[in-house]
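Asker: structure for this input, please:
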Amino acid sequence: MEKKKTNTKFIIILVALVVLGGTYGTYKYMHSLAHEETDDAQIEKNMNPIIPRVSGYVDKVYIKDNDFVKKGDTLFTIDKRDYQLKIEEANAAMVGAEGSFEVSKADIGSALASISVSDANVQSAGGNIESAKIRLDRITNDYNRYNNLYKSHSITKQQYEQALAAKLEAESQVRVLQQQQRATAFQKSVIVAKSKVSDKQTEVAAANIKRAKAILDAAKLNLTYTAITAAIDGQVSKIDIQPGQLVQPGQSLFYIINNKEAWVIANFKETQLNKMVIGQKVTVKVDAYPGYDFQGAITSFSPATGSRFSLLPPDNATGNFVKTIQRLPVKISLNTSNDPEKIKLLRPGMNVDVDVHLK
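Answerer: Below you'll find the model as predicted:
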């Protein structure tokens with residue numbers, strides 16, 4: 001009975017496969033000791049939302065979908081007629097407040113002048129009273145002398161009555177002057193009270209001027225907000241606004257993508273983080289551009305796993321628990337040595353493969 005011939009080609013192929021498989025396995029094992037990889041990673045860029053600060057109807061749109069814009073370019077405008085009317089209204093209020101202030105100042109000036117006149121009148125009345133008292137003293141002395149002479153029948157009754165009448169007239173004059181002095185003092189107190197009221201009115205008028213000025217400044221500022229401009233250089237997203245559309249403050253309308261800066265968010269398994277530290281070099285392969293490797297470095301680690309930031313984070317204390325390996329977002333910055341034109345080609349959300357060099 002003849003022995004079957006050994007298939008030499010089969011043995012050679014088998015040995016070659018074993019050698020290649022062993023070599024590849026060894027390479028992958030050695031590679032895994034110095035690298036951590038994941039394909040759960042995407043490109044990220046700053047996406048600046050366009051949000052109007054004032055409400056109104058869109059007047060004109062100056063851009064189209066996917067246009068490139070420069071910082072300061074006008075994107076669209078809001079009908080500004082309502083805001084121009086508010087400026088005119090605020091100007092009118094400002095003029096009225098300034099008029100009230102001037103009137104209050106004039107009232108204070110008039111009151112101060114009246115107080116000065118009253119002070120002069122009080123001083124004049126005081127001087128007249130002193131003169132009248134001196135005259136009264138002299139006439140009283142004359143009367144006393146005439147009274148004694150009349151009692152001794154040295155003068156006539158007519159002379160006595162003349163002296164008495166002069167004394168009574170002098171006393172009456174003193175009383176009248178004293179009453180006039182009190183009236184002048186009371187008038188002064190009334191004027192002082194009015195001046196205090198006018199002073200308060202002036203303070204209120206000054207406050208009204210400040211308030212009117214603030215309203216006017218706010219109206220002018222709101223008018224500038226009717227022109228919505230680009231805050232950065234970049235590329236706009238799809239434009240979902242049309243002339244005549246009503247927009248509201250805080251309403252996100254579309255985005256401007258900053259094409260100058262890009263980074264990668266890679267979601268590594270928690271079991272891969274043992275040897276990863278900030279600053280380690282990273283090679284990034286973008287699916288859209290397989291022939292080009294981007295270089296970067298680990299910038300930071302997320303403070304929590306991605307599931308903790310979800311709308312409904314898992315609660316392992318309820319129901320049946322099944323252990324699931326969690327993923328932690330890691331931020332990878334792309335080096336400035338990368339071609340800027342290549343950076344501009346990257347789009348947020350693009351898939352990438354990340355290779356972290358542990359050593």
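Asker: tally up the residues packed near the nearest residue to Gly250 once chain neighbours are set aside, please.
Answerer: The shortest distance from Gly250 to any non-neighbouring residue, by Cβ to Cβ, 6 or more residues apart in numbering, is to Ile51 (6.0 Å). All C-beta atoms are positioned from the backbone trio N, CA, C, and that covers glycine. By other Cβ atoms under 10 Å, the residues close to Ile51 number 14.
Asker: and if you look at the one 10 residues further on?
Answerer: The local packing of Val61 (other Cβ under 10 Å) involves 16 other residues.
Asker: ok, now Val282?
Answerer: Using other Cβ under 10 Å, the number of residues around Val282 comes to 25.
Asker: that one contacts Ile332, correct?
Answerer: Yes - taking contacts as Cβ atoms under 8 Å, Val282 lies within contact range of Ile332: 5.0 Å.
Asker: list residues touching both of these two?
Answerer: Taking Cβ atoms under 8 Å, 6 or more residues apart in numbering as the criterion, Val282 and Ile332 both touch 264, 296-298, 354.
Asker: ok, Tyr255 - contacts?
Answerer: Contacts here follow Cβ under 8 Å, 6+ apart; on that basis Tyr255 touches 47-50, 236-237.
Asker: apply 7 Å and report the result again.
Answerer: Tyr255 is in contact with 47-50, 237, counting by Cβ atoms under 7 Å, 6 or more residues apart in numbering.
Asker: again, but for Thr38
Answerer: The contact partners of Thr38, taken as Cβ under 7 Å, 6+ apart, are 266-268, 354.
Asker: one step back: state the pLDDT value of the residue nearest to Gly250.
Answerer: We have a pLDDT of 93 for Ile51.
Asker: test my guess that it contacts Ile256.
Answerer: No - using Cβ atoms under 7 Å as the test, Ile51 is too far from Ile256 to be in contact (11.4 Å).
Asker: where do the helices of the stretch 201-350 of the chain begin and end?
Answerer: All helices of the stretch 201-350 of the chain, identified by DSSP state H, counting those that start in this stretch, fall at 340-345.
Asker: name the member of the contacts of Tyr255 that has the highest neighbour count.
Answerer: Ile50 (22 neighbours).
Asker: now that one, which residues is it bridged with?
Answerer: Taking DSSP bridges as the rule, Ile50 bridges to Phe254.
Asker: so what's it up against?
Answerer: Residues near Ile50 by Cβ under 7 Å, 6+ apart: 75, 228, 253-256.
Asker: quick check, nearest of the residues you listed to Pro314?
Answerer: Distance to Pro314 across the contacts of Ile50 (Cβ to Cβ) is lowest for Tyr255, with 30.7 Å.
Asker: so Gly234 bridges to which residues?
Answerer: Going by DSSP bridges, Gly234 is paired in beta bridges with Val69.
Asker: returning to what we had before: let me have the contacts of Ile50 in JSON lines, extended by pLDDT and distance to Val19.
Answerer: Formatted as JSON lines, those follow (pLDDT from 0 to 100; distance: Cβ to Cβ, whole Å):
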{"residue": "Leu75", "pLDDT": "95", "distance to Val19": "64"}
{"residue": "Ile228", "pLDDT": "93", "distance to Val19": "67"}
{"residue": "Leu253", "pLDDT": "93", "distance to Val19": "62"}
{"residue": "Phe254", "pLDDT": "93", "distance to Val19": "58"}
{"residue": "Tyr255", "pLDDT": "94", "distance to Val19": "54"}
{"residue": "Ile256", "pLDDT": "94", "distance to Val19": "56"}
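Asker: reformat those residues as CSV; add distance to Asp287.
Answerer: Formatted as CSV, the contacts of Ile50 follow (distance: Cβ to Cβ, whole Å):
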residue, distance to Asp287
Leu75, 32
Ile228, 35
Leu253, 31
Phe254, 26
Tyr255, 23
Ile256, 25
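Asker: of all pairs in the residues you listed, which one is the farthest apart?
Answerer: Greatest spacing in the contacts of Ile50, by Cβ to Cβ: Ile228 and Tyr255 (13.1 Å).
Asker: quick one: low-confidence parts of the stretch 1-150 of the chain?
Answerer: Applying pLDDT under 70 to the stretch 1-150 of the chain flags residues 1-6, 27-32, 99-129, 132, 136, 142-143, 146, 150.
Asker: and if we set it to 80?
Answerer: Low-confidence segments of the stretch 1-150 of the chain (pLDDT under 80): 1-7, 9-11, 14-15, 22-24, 26-34, 96-150.
Asker: ok, now the stretch 201-350 of the chain?
Answerer: 201-209, 312, 314-321, 336-339.
Asker: next, give phi and psi for Gln251.
Answerer: phi -80, psi 120 (degrees, to the nearest 10).
Asker: sorry, slip of the keys, the one I care about is Val15.
Answerer: phi -60, psi -40.
Asker: and the contacts of Thr38, which two are the farthest apart?
Answerer: For these, the farthest-apart pair by Cβ to Cβ is Asn267 and Val354; their separation is 9.5 Å.
Asker: mutual contacts of these two, please.
Answerer: Common contacts of Asn267 and Val354 (Cβ under 7 Å, 6+ apart): 38, 41.
Asker: higher neighbour count, the two?
Answerer: Between Asn267 and Val354, Val354 has the larger neighbour count (other Cβ under 10 Å), namely 25 against 18.
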